[in-house]
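Visitor: generate coordinates for the sequence data below:
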Amino acid sequence: MDELSPLDAAFLELEDADPHASLAIASVAVAEGPAPSHDEFLALMRTKLPVLPRVRQKVVRATLDLSTPVWQDDPSFDLTYHVRRTALPAPGGDAELCALVARIMGQRLDRDRPLWESWVVEGLEGGRWAVLTKLHHCMADGLSGTMLYDVMYGDAPVPEPATSGHEMSLLSLLGNLVRAPLAIAGGLASFAWSLLPVRPSSLSGHIGSPRLYRVVRASLPEVKEVAHAFGVTVNDVVLAVVSQAYRAVMLERGEHPARDSVRTMVPVSVRGDRRLDNQVSLRLGFLPVELESAVEALRMVHERFASLKKGHEAETGHALTELARHEPFAPLAWGVRLGAGLPQRSIVTVTTNVPGPRKPLRVLGRRILEILPYVPIAVRIRTGIAVLSYTDRLAVGITADRDSTPDVDVLATAVQDALAALLSAAREPSVAGN
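Guide: Numbers count the residues shown, from 1 in each chain. Take a look at the predicted model:
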């Protein structure tokens with residue numbers, strides 16, 4: 001039996017603290033037709049069971065969380081429970097697919113079973129079909145989740161099971177903290193500053209259980225073209241586009257997009273191996289929604305997040321989660337639940353950008369055409385944006401609380417408009433010639 005890491009277990013505690021949260025991540029692989037039979041897909045999954053032991057295990061928790069939760073083989077494991085099949089109503093376009101994703105992802109996984117589902121979806125327009133893969137966040141982060149694609153449909157090595165033997169020893173960890181006291185102190189100060197409340201707006205607040213989901217597609221080479229033209233990173237481009245989208249929503253709602261209106265949580269990978277678990281830290285920064293120009297927003301994003309990187313937030317967060325491995329679990333669990341129960345007012349959204357498979361993949365001989373990402377929302381965060389690249393495509397998945405964010409299409413359209421504006425600006429002679 002393997003123990004969950006404190007970070008893995010924290011996602012369970014957060015879900016317990018918010019009755020309206022379903023903390024599962026997901027992706028939708030859209031493939032060319034024809035769709036395989038149910039028996040064919042089950043047979044494929046059975047061939048992967050021996051190399052992915054985690055999918056046959058469930059979480060076992062101690063009374064009052066007096067010890068760390070563990071992964072334990074499920075004696076009643078039934079593959080047919082986890083592999084499901086459905087079909088879209090006609091015409092099987094984005095609207096129907098997004099509605100299905102929102103409905104599936106708004107429902108919690110059964111804690112008495114392994115925490116995953118795989119949905120074969122028939123009836124996509126153009127003779128296509130899809131596989132929606134749903135994993136509880138305690139099993140994997142976005143990057144390890146995408147590694148599963150290479151295992152399921154490619155020839156990549158199998159991720160290692162996450163075991164306590166991989167953790168950094170307490171002596172080694174304390175040594176690192178002693179050697180870098182200024183960096184850690186700076187990171188803690190940066191974290192503390194990031195916990196200050198944002199300017200109140202309709203972008204955050206109470207959420208319900210139902211979700212909305214939208215997808216925006218882009219060309220990865222074009223996004224890289226923008227990044228190259230302005231001397232920034234792809235992640236900067238993503239954050240600038242998101243900034244412009246939230247600005248558009250606020251203006252549409254008659255609200256003033258101020259400098260301190262939208263702080264986003266940006267997961268940062270600290271992955272050093274191929275374990276199937278969570279190896280992420282985070283940065284917390286304000287999106288420049290106060291700027292009207294997409295180009296100015298891009299430059300400001302680059303400046304702000306470069307400064308955050310120098311503040312060692314991600315390194316400090318990683319050090320603290322590693323230190324938590326050596327602490328009694330019960331106080332950590334109770335602290336997470338207590339904190340999640342308080343009305344947090346410092347984070348408005350989450351923006352995650354995950355590099356997906358670089359090479360084209362096939363499922364049962366059918367080419368996977370695109371992969372669409374989904375990020376969960378909770379604790380007063382009414383929207384979340386996930387970006388995933390696959391070959392030369394970039395997909396933006398927008399999750400929204402159905403009750404408070406019925407205008408999610410404004411956000412999606414603004415993402416498209418901002419991407420177009422940045423690409424046009426990047427191709428202007430004055431920029432392209434530099």
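Visitor: so where's the stretch 151-300 of the chain uncertain?
Guide: 154-194, 270-281 (pLDDT under 70).
Visitor: just the strands from it, written as ranges.
Guide: Assignment of strands within the stretch 151-300 of the chain using DSSP state E, counting those that start in this stretch yields the ranges 211-219, 263-269, 280-286.
Visitor: so what are the sheet partners of the longest one and their directions?
Guide: Paired with strand 211-219 in the same sheet, following DSSP bridges, are strand 393-401 (antiparallel).
Visitor: got the CA coordinates for the partner strand in CSV?
Guide: The C-alpha coordinates for strand 393-401 follow below in CSV (Å, rounded to 0.1, in the frame of the first residue of the first chain):
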residue,chain,number,x,y,z
ARG,A,393,-2.9,22.4,-32.3
LEU,A,394,-3.7,24.4,-29.2
ALA,A,395,-7.0,23.8,-27.4
VAL,A,396,-8.4,26.1,-24.7
GLY,A,397,-10.9,24.6,-22.4
ILE,A,398,-13.1,27.0,-20.3
THR,A,399,-14.9,25.7,-17.3
ALA,A,400,-17.5,27.9,-15.7
ASP,A,401,-20.1,27.7,-12.9
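Visitor: next secondary structure after that strand?
Guide: helix 408-426 (DSSP states H and E).
Visitor: list the buried residues for that next one?
Guide: 408, 410-412, 414-415, 418-419, 421-423, 425-426 (16 or more other C-beta atoms under 10 Å). C-betas here are computed from N, CA, C, even on glycine.
Visitor: go on, stretch 387-398?
Guide: 387-391, 393-398.
Visitor: and residue 122, what does it touch?
Guide: Taking C-beta atoms under 8 Å, 6 or more residues apart in numbering as the criterion, residue 122 is in contact with 35, 85-88, 129.
Visitor: among these, name the buried ones.
Guide: By 16+ other C-beta under 10 Å, those give 35, 88, 129 as buried.
Visitor: residue 431 against residue 230, yeah?
Guide: Yes - the pair residue 431 / residue 230 is scored as a contact, 7.2 Å apart, by C-beta atoms under 8 Å.
Visitor: neighbour-wise, which of the two wins?
Guide: residue 230 (20 against 14; other C-beta atoms under 10 Å).
Visitor: my guess is the more buried one contacts residue 298, does it?
Guide: Yes - using C-beta under 8 Å, residue 230 is in contact with residue 298, at 5.9 Å.
Visitor: thinking again about what came up before, tell me the one of the buried ones among the contacts of residue 122 nearest residue 357?
Guide: residue 129 (18.6 Å; C-beta to C-beta).
Visitor: each with direction, which strands does the strand or helix carrying that closest one pair with?
Guide: Applying DSSP H and E as the criterion places residue 129 in strand 128-136. Strand pairing for strand 128-136, determined by DSSP bridges: strand 24-31 (antiparallel), strand 116-124 (antiparallel).
Visitor: could you dump those into CSV and include distance to residue 100 and mean pLDDT?
Guide: Output for the strands paired with strand 128-136, formatted as CSV (distance: least, C-beta to C-beta, whole Å; pLDDT from 0 to 100):
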stretch, distance to residue 100, mean pLDDT
strand 24-31, 9, 95
strand 116-124, 7, 97
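Visitor: what's the most buried one of those?
Guide: strand 24-31 (a mean of 24; mean count of other C-beta atoms under 10 Å).
Visitor: may I have it exported as PDB, CA atoms only?
Guide: These are the backbone C-alpha positions of strand 24-31, laid out as PDB (Å, rounded to 0.1, in the frame of the first residue of the first chain):
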ATOM      1  CA  ALA A  24     -11.500  15.700 -11.300                       C
ATOM      2  CA  ILE A  25      -9.400  16.700 -14.300                       C
ATOM      3  CA  ALA A  26     -10.200  15.500 -17.700                       C
ATOM      4  CA  SER A  27      -9.400  15.500 -21.400                       C
ATOM      5  CA  VAL A  28     -11.300  14.600 -24.500                       C
ATOM      6  CA  ALA A  29      -9.500  12.800 -27.300                       C
ATOM      7  CA  VAL A  30     -11.400  13.300 -30.600                       C
ATOM      8  CA  ALA A  31     -10.600  10.600 -33.100                       C
END
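Visitor: I am finished for the moment; much appreciated.
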